[in-house]
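Engineer: need a 3D model of the following:
(3 chains)
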Amino acid sequence: MDDASPHTPPTAPSLEVSGLAYAYPDGHQALFGVNLTVRRGERVALLGPNGAGKTTLVLHLNGILEAGSGTVRVAGLPVAKRNLAEIRRRVGIVFQDPDDQLFMPTVREDVAFGPACAGLRGPELEERVLRALKQVGMEEYAARPPHHLSFGQRRRVAVATVLAMDPEILVLDEPSSNLDPASRRELADILRSLDVTVLMVTHDLPYALELCPRAVVLSEGVIAADDRTQDLLRDEELMRSHRLELPFGFDPGAVDVPSP
Amino acid sequence: MHVPDGFIDAPVSVAAGVFAAGAVAVSLRGARRELDERTAPLAGLVAAFIFAVQMLNFPVAAGTSGHLMGGALAAILVGPRTAVLCLSVVLLLQGVFFADGGLTALGVNVTVMGVVTVVVAYAVFRLLTGLLPRARRSVTASAFVAALVSVPASAAAFTLLYWIGGTTDIPIGKVFTAMIGVHVLIGIGEAVITALTVGAVLAVRPDLVHGVRGGPAAPLKLRVDGALVDAPAATRDPEPAAAPRSSRGLWITGLVSAFLLAGFVSFYASASPDGLERVAADQGIDEKAQEHGAAGSPLADYGVGDIANARLSGGLAGVIGVSATVVVGTGVFRVIRRRGEEPGTAPHDRDHENA
Amino acid sequence: MGAGHAHKLYRQGHSPVHGLPPHCKLVAVFCFVLVVVCTPREAMWAFGLYAALLGAVAAAARIPAGFLLKRLVVEVPFVAFALLMPFVVPGEQTTVLGVSVSVPGLWGAWNVLAKATLGVAASVLLASTTELRAVLLGLQRLKLPPLLVQIASFMIRYGDVVTDEMRRMAIARRSRGFEARGVRQWRVLAASAGALFIRSYERGERVHLAMVSRGYAGTMPVIDEVTADRRQWAYAATLPVLALAVCLLGWTL
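Structural biologist: Got it, this is the predicted structure:
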């Protein structure tokens, strides 16, 4: 933790993954040399078929899984045992099932968990919690148990739990899954309003196109494509070869998207 | 099996409380070693599972049904230490939060339903899996026997407590016979369900049943232009070697359980509410008073059939048990922790010393 | 004891009893029950006074008598057992309503029934005026080992989640025409139990990942702490202190 922020150049990319390979203890190898750089402030979609290793990659970003080979750097800081506390503060992962993420008895305590683990207490902690809840529009629900919220609300609180840690990069695992269209749009608005680097793992290609100017395809444990999201989605052959399919009637060329 | 209010006198209650506290303290420390910092979420979820699975009804016949107690199952699936913690927490919450099971009966109830069931089931299970050839059928068979033995053992432990510290003299001859009969029957139900459930878990995630983890890792490959090449040597830190561990706690647990059981066998002249309940049933007075076991709650609902007994398990026994649990538990926990801070204890090491 | 059942116990309110710090209430109830079980069974009037004390607490907490009495129903199966004692305990016989019963048995039944009922009532009062979470904070304050408090807290948080999963599995079974009628269906039910275990365990692993991802390193940060001042302690102590006076009278009279 000592060699944290002061020495890292401010220009370092938010995320630098190089040559990352990993096999699970049971021998199953999931990653075969991933190279990926995400610059500060970018919003990148990580696409790929089931079993491509997306979740495995995500778990390397904050050091839950240790690289079998290769390196991961977050804002210049290598993911390694000695840096784990700082790395986990910098990388905010929002997991797919908000019930897994919201493990504390109330929304407020859950949002406070991360900063409190980092040592924040008292009014400073309260302020941080309130700010994070406001960012996702959930400040009125602070005293509620997570179990009593709707799925969309829980997803938003899950985002707040990591925002409260002032992350360098927000990593979202299937953020739009199980959301009704209104919740989906609300979440998109929230994500757009945030001034933070985003890596979004998703199968929801229209959502990726809407939110992320850039997309990468992870397939068979390597990055198979890296391009503007719109161009990537229009490359039919690429899409087919990686089992990516657009929803019926959706034409990625027909929508206006922000340029990267 | 829940001890009613005022049934057990003070000294025995204190002893049960101390025993429960010691067992919980040993388990806390052991579970930490088994699961490291995953203890809290994993044990919490397993406790939630036990809580839920006790509500799963297994129909027996003609409108009656039974449910799992879960002690043996928990012991086999997650190991004895975590199992003791899970069951203790379930009992604690039943008592404190839901006013189901007496704020005050914890010492006796944790001893009887948490510790004895788990320790006996696990000891039998390890012994049998050690003796039988390594096969899935051996594991389920061992689970069956372990669960079968654990229920009467737990009843026996209660009987012993009552024999030493019961507040009302009840003739026990006929009751005893009925009680053992009932608990063997309950044990059969528990055994069948436990064995089937363990079998179901074995079929899908055998690694969750017993330390079938690890294994030699294949060298990592990199995919370069579609072809696989060997990756550079791993940079991962080697796993810390397992430090020698003191099995003192388990020995104590085992010894005390052994004493409990031995005591029961020698002095079986005793009585128990369970036996009485059974006698009540025999006499047609109370067909419905239900044992906290696998034989059927006629209401087919844990919530209605069983809690009541737990609720009534209050009394001096528990009052003193609870205080002892809290005071001694914390004390023992601290002492053990202070004395037992061996460096380099590795996570994932499994339990084999109390088999 | 379903989780739904658990929620029914707590009654939202702003009475002085609701407002007491949870650890004060825990200690008070604990001492009260301790005093009750130490009371000699011959002092029958003392148990009446205890009941009156609990009634006063219920009134202060604005818990309707009906609610309290309904909760006491959990005791019913045990009543049957206590009623049996006069018939099976040997000793001097007496005749009640033309039936021969034993005197020590009657005393034993009375002893157990009276003390158990008061214990249930006290616990119900505690549970209906204190939120689950507050009880946990209270236990934490009373120095229950933190790991135990954490396990309990996770169990409460995920009790509903796991129970819901179990219900969904039951619906899925029934939707496919499965109806559990007897022992022959146990294999299917056990498969569900096994699946439920795997799901719970895997969820535990995922929860752990989520915790670790936010900087958890083995100890929970203390975010909320409950405190009590002298006045609150004194208020909470009223119940056990009065009960103690009754108990002492019971021994001396």
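
Engineer: so where's chain B uncertain?
Structural biologist: Applying pLDDT under 70 to chain B flags the ranges B:1-10, B:61-66, B:97-104, B:166-179, B:210-221, B:224-226, B:231-355.

Engineer: give me the helices and strands touching the longest helix along it, please.
Structural biologist: In chain B, with assignment by DSSP state H, the single longest helix is helix B:173-204. Counting contacts by 3 or more C-beta pairs under 8 Å, 6 or more residues apart in numbering or on different chains; DSSP states H and E, helix B:173-204 packs against strand B:58-61, strand B:64-66, helix B:71-78, helix B:136-165, helix B:206-209, helix B:273-282, helix C:186-213. The C-beta positions use only the backbone N, C-alpha and C, and glycine is treated the same way.

Engineer: where do the helices of the stretch 51-200 of chain C begin and end?
Structural biologist: With helices called from DSSP state H, counting those that start in this stretch, the stretch 51-200 of chain C shows them at C:65-72, C:76-88, C:103-129, C:132-141, C:146-175, C:186-213.

Engineer: how far does the longest one sit from the chain's center?
Structural biologist: Taking the mean C-alpha point of helix C:146-175 and that of its whole chain, the gap between them comes to 19 Å (C-alpha atoms, centre = their mean, to the nearest Å).

Engineer: and for the first one?
Structural biologist: Between the mean C-alpha point of helix C:65-72 and the mean C-alpha point of its chain there is a distance of 14 Å (C-alpha atoms, centre = their mean).

Engineer: quick one: whichever residue of chain B sits closest to chain C from chain A, how far?
Structural biologist: Of the residues in chain B, the one nearest chain C is B:Gly44, at a distance of 2.3 Å by C-beta to the nearest C-beta. Distance, B:Gly44 to chain A, using C-beta to the nearest C-beta, to the nearest Å: 9 Å.

Engineer: sorry, back to before: would you format the helices and strands packed on helix B:173-204 as JSON lines with mean neighbour count and distance to chain A included?
Structural biologist: Supplementary listing: these in JSON lines, determined by neighbours: other C-beta atoms under 10 Å in any protein chain shown; distance: least, C-beta to the nearest C-beta, whole Å:
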{"stretch": "strand B:58-61", "mean neighbour count": "18", "distance to chain A": "28"}
{"stretch": "strand B:64-66", "mean neighbour count": "24", "distance to chain A": "28"}
{"stretch": "helix B:71-78", "mean neighbour count": "31", "distance to chain A": "19"}
{"stretch": "helix B:136-165", "mean neighbour count": "24", "distance to chain A": "18"}
{"stretch": "helix B:206-209", "mean neighbour count": "16", "distance to chain A": "8"}
{"stretch": "helix B:273-282", "mean neighbour count": "24", "distance to chain A": "36"}
{"stretch": "helix C:186-213", "mean neighbour count": "22", "distance to chain A": "4"}
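
Engineer: identify whichever of those lies nearest to A:Ala116.
Structural biologist: helix C:186-213 (11.9 Å; C-beta to C-beta).

Engineer: check whether that closest one contacts chain B.
Structural biologist: Yes - counting by C-beta under 8 Å from any C-beta of the partner chain, chain B is contacted by helix C:186-213 at C:186-187, C:189-198, C:200-201, C:203-205, C:207-208, C:211-212.

Engineer: quick check: mean pLDDT of that helix?
Structural biologist: Across helix C:186-213, pLDDT averages out at 89.

Engineer: tell me which strands and helices that helix is in contact with?
Structural biologist: strand A:91-94, helix A:98-101, helix B:39-53, helix B:71-78, helix B:173-204, helix B:206-209, helix C:146-175.

Engineer: the second one near chain C at all?
Structural biologist: When you say that, I think you mean helix A:98-101. Yes - contact of helix A:98-101 with chain C (C-beta under 8 Å from any C-beta) involves A:99-101.

Engineer: which residues touch the residue nearest in space to the middle of chain A?
Structural biologist: The centre of chain A sits closest to A:Val171, judged by C-alpha atoms, centre = their mean, with a distance of 1.1 Å. Shown in contact with A:Val171 (C-beta atoms under 8 Å, 6 or more residues apart in numbering or on different chains): A:58, A:61-62, A:91-94, A:198-201.

Engineer: now the two most distant members of the residues you listed.
Structural biologist: A:Asn62 and A:Met200 (15.8 Å).

Engineer: and the helices in chain A, which stretches?
Structural biologist: Under DSSP H, chain A gives helices at A:54-61, A:84-90, A:98-101, A:107-117, A:122-135, A:151-163, A:181-193, A:205-211, A:229-234, A:236-241.

Engineer: wait, which of these is closest to A:Val222?
Structural biologist: Nearest of these (C-beta to C-beta): helix A:54-61, 10.3 Å.

Engineer: elements contacting that closest one?
Structural biologist: strand A:15-23, strand A:29-38, strand A:69-74, strand A:91-94, strand A:169-173, strand A:197-201.

Engineer: may I see those organised as JSON lines, with distance to A:His147 and mean pLDDT added?
Structural biologist: Supplementary listing: these in JSON lines, determined by distance: least, C-beta to C-beta, whole Å; pLDDT from 0 to 100:
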{"stretch": "strand A:15-23", "distance to A:His147": "33", "mean pLDDT": "93"}
{"stretch": "strand A:29-38", "distance to A:His147": "33", "mean pLDDT": "93"}
{"stretch": "strand A:69-74", "distance to A:His147": "32", "mean pLDDT": "93"}
{"stretch": "strand A:91-94", "distance to A:His147": "18", "mean pLDDT": "92"}
{"stretch": "strand A:169-173", "distance to A:His147": "21", "mean pLDDT": "94"}
{"stretch": "strand A:197-201", "distance to A:His147": "25", "mean pLDDT": "95"}
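
Engineer: now, of the ones you listed, which is deepest in the fold?
Structural biologist: strand A:91-94 (a mean of 27; mean count of other C-beta atoms under 10 Å in any protein chain shown).

Engineer: residues in contact with A:Asp110?
Structural biologist: A:101-104, A:146, A:157, A:161.

Engineer: 7 Å - rerun?
Structural biologist: A:102-104, A:146, A:157, A:161 (C-beta atoms under 7 Å, 6 or more residues apart in numbering or on different chains).

Engineer: between those residues, which sits nearest B:Gly71?
Structural biologist: Closest to B:Gly71, out of all of the contacts of A:Asp110 and judged by C-beta to C-beta, is A:Phe103, at 26.0 Å.

Engineer: now the closest one: how far from C:Phe67?
Structural biologist: Taking C-beta to C-beta, to the nearest Å as the measure, A:Phe103 falls 32 Å from C:Phe67.

Engineer: these two: which has the busier surroundings?
Structural biologist: A:Phe103 (28 against 15; other C-beta atoms under 10 Å in any protein chain shown).

Engineer: how many neighbours does A:Leu194 have?
Structural biologist: Around A:Leu194 there are 15 residues (other C-beta under 10 Å).

Engineer: try A:Gly249
Structural biologist: Neighbours of A:Gly249 (other C-beta under 10 Å): 5.

Engineer: in the stretch 51-200 of chain C, where is pLDDT below threshold?
Structural biologist: C:74-81.

Engineer: once you drop chain neighbours, what's closest to the closest residue to chain B within it?
Structural biologist: Nearest residue of the stretch 51-200 of chain C to chain B: C:Phe154, at 2.3 Å (C-beta to the nearest C-beta). Of all residues not flanking C:Phe154 in the chain, B:Gly44 sits nearest, at 2.3 Å (C-beta to C-beta, 6 or more residues apart in numbering or on different chains).

Engineer: for burial, what's the neighbour tally of that neighbour?
Structural biologist: The burial count for B:Gly44: 27, using other C-beta under 10 Å.

Engineer: same deal with B:Val198?
Structural biologist: B:Val198: 29 neighbours (other C-beta under 10 Å).
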